[in-house]
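**Student:** Below are the sequence and a predicted model for it; my questions follow.
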Amino acid sequence: MRRVILAAFALALAVHADTLRLRSGAMVNGTYLGGTPDDIQFLVGDEVRHYRPGDVVDLTFGAGAAPRQEGGVADFGAEFVGVPVMRGPAGDMPLERAMATRTRTTSIMGPGGFVYRVSGGRSPVRVREGDRVTFIMRVDSEADIRRFQLYRLESRRDYRQTPPIAGGLPPSIGVTIRRIGVLVYEMTPAYGLTAGEYGISPTNSNDTYCFGVDR
């Protein structure tokens, strides 16, 4: 029964395939199902495959692969309330979801500042410089949307992190917020994002929603 359901799902989305490009050079066409810092789930035919983020170079979303929309707003279901969704040139797409950890940096001079760090040096969710990118979010209350901040992340080999700080929260990137529905908001960076890694996180949680910008 599970294989029949997956096969039907795959057939419905076959014309809107997403593409994974692996470090081995292989290209995998299918449907992106979601991911964690340790696992990317990808539907290929009627099989759900799992990939390590470190093995993935790029994830491209097929045009038209956006989730179901109502009134121009992505409808991902109740489990996506409070989760930012990127609205980019290929439509609405989920971001890489990760859990940030607060860590003190060290150097030969001794302890340094604090950073918030997520696994993996590069997000599989990518857009390009110059693309107009906004984020759509459904929240439980009007106050919730103000908790979400956009951060630039410094990329390392095996992780990404915010700039070191002595305490408090790292510096965020300015955004404009516009209400577009009942408890649905559009959040737009105040200026075009340059190449690099980014994350969106609420100030009351270490949940982080990541993406990257390529030249």
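**Tutor:** Sure, I can see it. This structure is a prediction, so every number in the text was calculated from the model and none was measured.
**Student:** Please make it C-alpha for all contacts and neighbour counts, starting now.
**Tutor:** Will do.
**Student:** just checking, what packs against the helix or strand hosting residue 115?
**Tutor:** Residue 115 belongs to strand 110-119 when elements are defined using DSSP states H and E. The contact analysis (3 or more CA pairs under 8 Å, 6 or more residues apart in numbering; DSSP states H and E) places strand 110-119 against strand 96-99, strand 101-107, strand 159-161.
**Student:** Which of those has the lowest mean pLDDT?
**Tutor:** Among those, strand 101-107 carries the lowest mean pLDDT, at a mean of 82.
**Student:** partners of that one in the sheet?
**Tutor:** strand 110-119 (antiparallel) (DSSP bridges).
**Student:** Which residues does the strand it pairs with contact?
**Tutor:** With CA atoms under 8 Å, 6 or more residues apart in numbering as the test, strand 110-119 has contacts from 37-38, 98-106, 158-167, 170.
**Student:** How far off centre is the helix or strand following that strand?
**Tutor:** As assigned by DSSP H and E, the chain's next helix or strand after strand 110-119 is strand 126-128. When distances are taken as CA atoms, centre = their mean, to the nearest Å, strand 126-128 is centred 11 Å away from the chain's centroid.
**Student:** packing partners for strand 126-128?
**Tutor:** Short answer (3+ CA pairs under 8 Å, 6+ apart): strand 126-128 packs on strand 56-60, strand 207-214.
**Student:** So which elements touch the shortest one?
**Tutor:** It stands for strand 56-60. The contact analysis (3+ CA pairs under 8 Å, 6+ apart) places strand 56-60 against strand 18-22, strand 126-128.
**Student:** Please apply the same query to the last one.
**Tutor:** Other helices and strands packing on strand 207-214, by 3+ CA pairs under 8 Å, 6+ apart, are strand 96-99, strand 126-128, strand 196-202.
**Student:** now that strand against strand 196-202, angle please.
**Tutor:** Using axes from the mean of the first three to the mean of the last three CA atoms, to 10 degrees, the direction of strand 207-214 lies 160 degrees away from that of strand 196-202.
**Student:** per-domain residue ranges of the protein.
**Tutor:** For the chain, automatic domain parsing gives the domain ranges 1-65, 70-215.
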